[in-house]
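1. I need the structure of the sequence given here:
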Amino acid sequence: MSDARTAESKRYAFLVAAGIFLSRIAGLIRDRVFAHYFGLSNVADAFRAALRIPNFLQNLFGEGVLSASFIPVYANLLARGDKEEARRTAGAVGALLALTASVLVLIGVLATPYLIDLVAPGFHGETRVLAIRIVRILFPGVGLLVLSAWCLGILNSHGRFFLSYSAPVIWNAAMIATMWGWGKNTQDRLAIILAWGSVAGSALQVAVQLPAVLRVLGGLRLSLAYQAKNVRTVIHNFGPVFVSRGVVQISAYIDTWLASWLPTSAVSALANAQTLYLLPVSLFGMSVSAAELPQMSGAVGSESDVAETLRRRLNSGLRQIAFLVVPSAVAFLALGDVIVAAIYRSGRFTQADVIYVWGILAGAAVGLLASTLGRLYSSTYYALLDTRTPLRCAVVRVILTALLGYLCSIPLPRAIGIDPRWGVAGLTISAGMASWVEFTLLRRALNRRIGLTGLRADFLAKVWVAAAGAAGVAWAIHHALGPHHKPIPVAILVLLPYGGLYFSATWLMGISEARLFFERAVSRMRRV
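-> Numbers count the residues shown, from 1 in each chain. This next block holds a predicted model:
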């Protein structure tokens, strides 16, 4: 892989990460405002659970599925210079997606009571009634977000990464504005108004991307030409990815289902922890995977040449991901209370809630590295138009998540004599263990196909040691500050030294990613 292609790939990954960073920061602000108004209440549980149900539709037909099924075909047409066929394929896929999403939205609205009973059977009385009302409002907005994912697939294939990944900022901003504007209402009333604010934000998220999509397409030709060759290829790829994405989502719903049987606040606490957990997954795992998928899909040459290209790109991407995910996992374990307090401690969200969410987040850290590395392995399979291997591995992961999740969340706390509410931490720990099994299966199968891939043991040892040493110093600073300071200043005084020490230690150890980080920082300072 040439230096120019490497630099281009890293620039694309940076644009994806920048867009995701802005959207995730907006999401964290949204969650902080949500925590201020709702805390860990029954209404918060109802809204969190309600949001998961229509999000199932978005996740099934959204970014991940379209990226795996549509981008390899569309990007390959662009690489061959067949822009007219690429435009026809995009129009047909867009029309079919809109029709399918509309039908499913209608079914979802009608079937909402049954979906609530399926996903959160522990909800009763007013909490169940409120969740049903919220879901019925949210469904149309999520249908719009499916079209946003179609826009993302087109823009990414044309190297336009930033807009599509930063567009969710508008959705988050709409929800934040809704809570600030109507925050004086009762919690039940505010939850209903917030659901309508979410729908408005969904429409704005699509609207901001459409002009750019129309420009790169050179016009839009909507059709239901599902029998066209390239459209059939997309549909053929869509099936296994759809099922794969579905079983992974089932895993998340199993967690919610189990959490609904635990004491009050378990569902919303789990959602808060997952928001923080997904930040490094999105910033570092998704950014590299999203940037690499179009590049990998455009690999040409003999079978051995393609394998060599994929192997180099994959190994380079794995290093980029691990370099940033390892310190994230260590921070969740050692400094999670600082992170949770800075984001959520406000209003109804107390210090006791901070400790509770920290415990759940620490459990999630167990599988953080495996989950992010696994995303890049899956992207490599999708570039090879192999959607079935990731599906098989995902099925194994979901089965393990369900079995271990039940054992660790309900029988185990009782057996060892701890508060049943801590069973939700067992859910995240068991999910992490299942992620490692899935990652191992993905890597083993791909190694047989394209040759040896993975991270060197000495590289992993260096980044883990550097992160652990930096966390020890940061923890000492946190301990010295004491418990009587505001959470945001404490986070600045603790997390900034942690990051600085980690980057310095890895630079001294000769890690190339750290050296590149410092070189870029110095270059930008000189330009300023």
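
2. centre of the chain to stretch 378-391, how far?
-> The chain centroid and the centroid of stretch 378-391 are separated by 18 Å, computed with C-alpha atoms, centre = their mean, to the nearest Å.

3. state the distance from Asp305 to Ile450.
-> In this view, Asp305 and Ile450 are 11 Å apart by C-beta to C-beta, to the nearest Å. For glycine as for every other residue, the C-beta is placed from the backbone atoms N, C-alpha and C.

4. ok, the two, which is more surrounded?
-> Neighbour totals were compared for Asp305 and Ile450, and Ile450 leads with 18 against 11 (other C-beta atoms under 10 Å).

5. thought that one was touching Leu310?
-> Yes. Here Ile450 reaches Leu310: they are 5.4 Å apart, a contact under C-beta atoms under 8 Å.

6. residues in contact with the helix or strand Ala467 falls within?
-> Under the criterion of DSSP states H and E, Ala467 resides in helix 457-481. Under the contact criterion C-beta atoms under 8 Å, 6 or more residues apart in numbering, helix 457-481 has outside partners 319, 322-323, 326-327, 329-331, 333-335, 338, 490, 493-495, 497-499, 501-502, 505-506, 509, 511.

7. can you select the buried ones from these in PyMOL?
-> To isolate the buried ones among these in PyMOL, judged by 16 or more other C-beta atoms under 10 Å, type:
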select buried, resi 319+322+323+326+327+329+330+331+333+334+335+338+490+493+494+495+497+498+501+502+505+506+511
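
8. quick one: contacts for Ile339?
-> Ile339 makes contacts with Leu276, Ala331, Phe332, Trp358, Leu361, Ala491, Leu495, as judged by C-beta under 8 Å, 6+ apart.

9. where are the low-confidence patches of the stretch 1-150 of the chain?
-> Low-confidence segments of the stretch 1-150 of the chain (pLDDT under 70): 1-13, 56-68, 119.

10. try it again at 90.
-> Residue ranges of the stretch 1-150 of the chain with pLDDT under 90: 1-29, 31-32, 34-105, 107-132, 135, 138-150.

11. how about the helices in it?
-> For the stretch 1-150 of the chain, applying DSSP state H, counting those that start in this stretch gives helices covering 3-38, 42-61, 63-69, 71-79, 83-110, 112-119, 125-157.

12. want to throw the contacts of Ile339 into TSV with secondary structure and pLDDT?
-> Below are these laid out as TSV (DSSP: H, G, I helix; E, B strand; the rest coil; pLDDT from 0 to 100):
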residue	secondary structure	pLDDT
Leu276	helix	87
Ala331	helix	96
Phe332	helix	96
Trp358	helix	94
Leu361	helix	93
Ala491	helix	93
Leu495	helix	94
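
13. what residues sit buried inside stretch 106-117?
-> Applying a neighbour-count criterion of 16+ other C-beta under 10 Å, one finds Gly108, Val109, Thr112, Leu115, Ile116 buried in stretch 106-117.

14. got the contact list for that stretch?
-> Stretch 106-117 has contacts (C-beta under 8 Å, 6+ apart) with 49-50, 53-54, 57, 123, 128, 131-132, 135-136, 139-140.
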